[in-house]
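> Next comes the sequence, and after it the predicted model I'd like to discuss.
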Amino acid sequence: MNNQPVILIVEDEEIIRTTMAEFLTGEGYQVVEAGTCNEAVRQAASHHINVAICDVQLPDGDGIDLMRRLQQYNPDTLVLIITAYATVENAVEAFKRGAFDYLVKPVLFEDLVHKLERLFQYRNLYLENQNLRRELSRRDKIEEIVGSSKALLDVQETLRKAAVTNSNVLLVGESGSGKELFARSMHAMGPKKEEKFVPFNCSIRPVETLEAQLFGAKAGTATGAQTDVAGILETIGEGTIFLSEITQLPLATQSQLLRAIEYKEITPLGGTKTIPFHARIIAATTKDLEKEVKEGTLQEDLFYRFDGCKIIIPPLRERLDDVPELVEHFITKHSLAMGKRVNGASSETIRMLMSAQWRGNVRQLDNAVERAVMMCEGMQIEVNDLPPDLLGINQPLPDTDDLRSALRHYEKLHIARVLRQCPDKREAAKRLKLGLSSLYRKIEELGVEI
């Protein structure tokens, strides 16, 4: 794919136009030509014009008026005006009407190259500025959750209702489904949003270290602390603590947490005096808590403390309509981080991403887009930029530009993958949203190996 900028030369003098076109083509640009305003408009309708070099005097109109018509097709088109006479009045008028710069006849190629370099430096800075503004906007609204599917909107409505109560909440969802982001969103919508939000990993070991970080510790305890250490539940004040994978807390620690919830007080490790605490607790797990209670790894009383306000986070495969918005968000994030100018994904790539199973959920999609941005050589992500495992057992797409052949190849890989995961053809047909007879026909037509 050629990602060089497209330059439109609008000049009625054929010798000037063709000479300039040959020179710019030699410089590596894509060039289209027009001898009149109407012809220029037709070119703008069929090409994404990045730069227009327009003569002021044209047989059917004015080059400065033409700017407005060209920018109706692409508002980002930048214009260089060619004029026979360099006067202050001409320059001021051109700049007032939106021209980036102007050239004086006869056009010197050295001057043209210099002004194009300046123009593209400006254009690149402008695009980077726009990306930064979008990213800063996202950072200012970090609690916002990307997506607009019904499944996601239903969860967000539940989150809003729970957030304003300041009650303790349990978030249940698969790994990578974004439980911490949902917890941050709840904190931001709650009555104590100005207070701290602190994530805490319940798998920390040894146990003394875990309890010291959570509840605090007195000097000389098993942690080796030389002075008293305040725990998170004390220092967080009236903020929110997010306990990820709460089932990994040891049973004794669960007892201390249960007492803290019931009596709103904590006892530091090695201490005898209690300390009041007022934080909100949002716990999260990927486990079936009822099963954990039966197996004796979770205290029943602690289970009931959280089960009353339980919110289930849907996996990504149940909200695939959110994939395009998530992809756009991750492209912006990773493009900025890598200093690349990737601004989108092809429709084939989006279809590919929407058909994946996403066992790792949003985190896996994030990693896939990060890899794609890294591999991308153009302005948009193509299918072959994606991780090989998404294309079907590390098989690349065929080396062909024919879209029909590529889609048939992908269709074959996708059906084969679903059949490996779900040997029951009736169930596989449901997952593929095909009739059973249509699935059998596809298997035969595409030569799918079962």
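Done, it's in.
> Quick check: which ranges of the stretch 151-300 of the chain have low pLDDT?
Scanning the stretch 151-300 of the chain for pLDDT under 70 picks out 222-226.
> all helices of it, in order?
179-189, 207-215, 232-235, 251-263, 289-294, 300-307 (DSSP state H, counting those that start in this stretch).
> Could you export the third one as CSV, CA atoms only?
Taking only C-alpha atoms (Å, rounded to 0.1, in the frame of the first residue of the first chain), the coordinates of helix 232-235 have been written out as CSV:
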residue,chain,number,x,y,z
ILE,A,232,-3.9,1.2,53.2
LEU,A,233,-7.3,0.9,55.0
GLU,A,234,-6.1,3.7,57.3
THR,A,235,-4.3,6.0,54.9
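> same for it, what does it pack against?
helix 207-215 (3 or more Cβ pairs under 8 Å, 6 or more residues apart in numbering; DSSP states H and E). All C-beta atoms are positioned from the backbone trio N, CA, C, and that covers glycine.
> now the helix it packs on against helix 251-263, angle please.
For helix 207-215 against helix 251-263, the angle by axes from the mean of the first three to the mean of the last three Cα atoms, to 10 degrees is 10 degrees.
> tell me which strands and helices helix 207-215 is in contact with?
helix 232-235, helix 251-263.
> How about the longest one, which residues are buried there?
Counting neighbours by 16 or more other Cβ atoms under 10 Å, one finds that the buried residues in helix 251-263 are T253, Q254, Q256, L257, L258, A260.
> how far off helix 300-307 does that helix point, in degrees?
Going by the same axes, to 10 degrees, helix 251-263 makes 50 degrees with helix 300-307.
> Now for the nearest residue to I204 once chain neighbours are set aside: which residues touch it?
Spatial nearest neighbour of I204, excluding adjacent residues (Cβ to Cβ, 6 or more residues apart in numbering): L210 at 4.2 Å. Neighbouring residues of L210 by Cβ atoms under 8 Å, 6 or more residues apart in numbering: C202, I204, L249, P250, T253.
> out of those, which is most surrounded?
With neighbours taken as other Cβ atoms under 10 Å, the top of these is L249, carrying 25 neighbours.
> Tell me how far that one lies from L181.
22 Å (Cβ to Cβ, to the nearest Å).
> ok, now A345?
In terms of Cβ to Cβ, A345 sits 22 Å off from L181.
> For these two, indicate the residue with more neighbours.
The neighbour count for A345 versus L181, taken as other Cβ under 10 Å, is higher for A345 (26 against 16).
> isn't that one right up against F330?
No - counting by Cβ atoms under 8 Å, A345 does not reach F330; the two are 9.9 Å apart.
> can you pull out the helices in the stretch 351-450 of the chain?
Under DSSP H, counting those that start in this stretch, the stretch 351-450 of the chain gives helices at 361-375, 403-421, 425-432, 436-446.
> Out of those, which is closest to G339?
helix 361-375 (10.6 Å; Cβ to Cβ).
> How much space separates A283 from I16?
Taken as Cβ to Cβ, the span from A283 to I16 is 73 Å.
> More neighbours: which of these two?
Per other Cβ under 10 Å, whichever of A283 and I16 has more neighbours is A283, with 27 against 16.
> Quick check: the more buried one touching L170?
Yes - in this structure, A283 is within contact of L170 by Cβ under 8 Å, at 5.1 Å.
> shared neighbours of these two, which are they?
Common contacts of A283 and L170 (Cβ under 8 Å, 6+ apart): I246, F306.
> quick revisit: want to try JSON lines for the helices of the stretch 351-450 of the chain, with mean pLDDT as columns?
What follows is those, written out as JSON lines (pLDDT from 0 to 100):
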{"stretch": "helix 361-375", "mean pLDDT": "94"}
{"stretch": "helix 403-421", "mean pLDDT": "76"}
{"stretch": "helix 425-432", "mean pLDDT": "84"}
{"stretch": "helix 436-446", "mean pLDDT": "85"}
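> export those to CSV and tack on mean neighbour count?
Formatted as CSV, those follow (neighbours: other Cβ atoms under 10 Å):
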stretch, mean neighbour count
helix 361-375, 20
helix 403-421, 16
helix 425-432, 16
helix 436-446, 14
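> Out of those, which is closest to V104?
Checked against Cβ to Cβ, the stretch from the helices of the stretch 351-450 of the chain lying closest is helix 361-375, at 42.1 Å.
> Could you list the alpha-carbon positions for that closest one in PDB?
As requested, the backbone C-alpha atoms of helix 361-375 are provided in PDB (Å, rounded to 0.1, in the frame of the first residue of the first chain):
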ATOM      1  CA  ASN A 361     -11.200 -10.300  26.800                       C
ATOM      2  CA  VAL A 362     -10.400  -6.500  26.500                       C
ATOM      3  CA  ARG A 363      -6.800  -7.100  27.700                       C
ATOM      4  CA  GLN A 364      -6.200  -9.500  24.900                       C
ATOM      5  CA  LEU A 365      -7.700  -7.100  22.300                       C
ATOM      6  CA  ASP A 366      -5.500  -4.300  23.700                       C
ATOM      7  CA  ASN A 367      -2.400  -6.500  23.300                       C
ATOM      8  CA  ALA A 368      -3.500  -7.500  19.800                       C
ATOM      9  CA  VAL A 369      -3.900  -3.900  18.700                       C
ATOM     10  CA  GLU A 370      -0.600  -2.900  20.300                       C
ATOM     11  CA  ARG A 371       1.100  -5.600  18.300                       C
ATOM     12  CA  ALA A 372      -0.700  -4.500  15.100                       C
ATOM     13  CA  VAL A 373       0.300  -0.900  15.600                       C
ATOM     14  CA  MET A 374       3.900  -2.000  16.000                       C
ATOM     15  CA  MET A 375       3.800  -4.100  12.800                       C
END
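> Mind giving me the packing neighbours of that helix?
helix 323-338, helix 347-355, strand 380-381.
> next SSE after the longest one?
Proceeding C-terminally, helix 323-338 gives way to strand 344-345 as the next helix or strand, assigned by DSSP states H and E.
> Show me what that next one is in contact with.
Contacts of strand 344-345 (Cβ under 8 Å, 6+ apart): V327, E328, I331, L353, A372, M379, Q380, I381, E382.
> In ChimeraX, how would I select just the buried ones from these?
Here is the ChimeraX command that selects the buried residues among these (16+ other Cβ under 10 Å):
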select :327,328,331,353,372,380,381,382
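> tell me the two of the contacts of strand 344-345 that are most distant?
L353 and M379, at 17.8 Å, using Cβ to Cβ across the contacts of strand 344-345.
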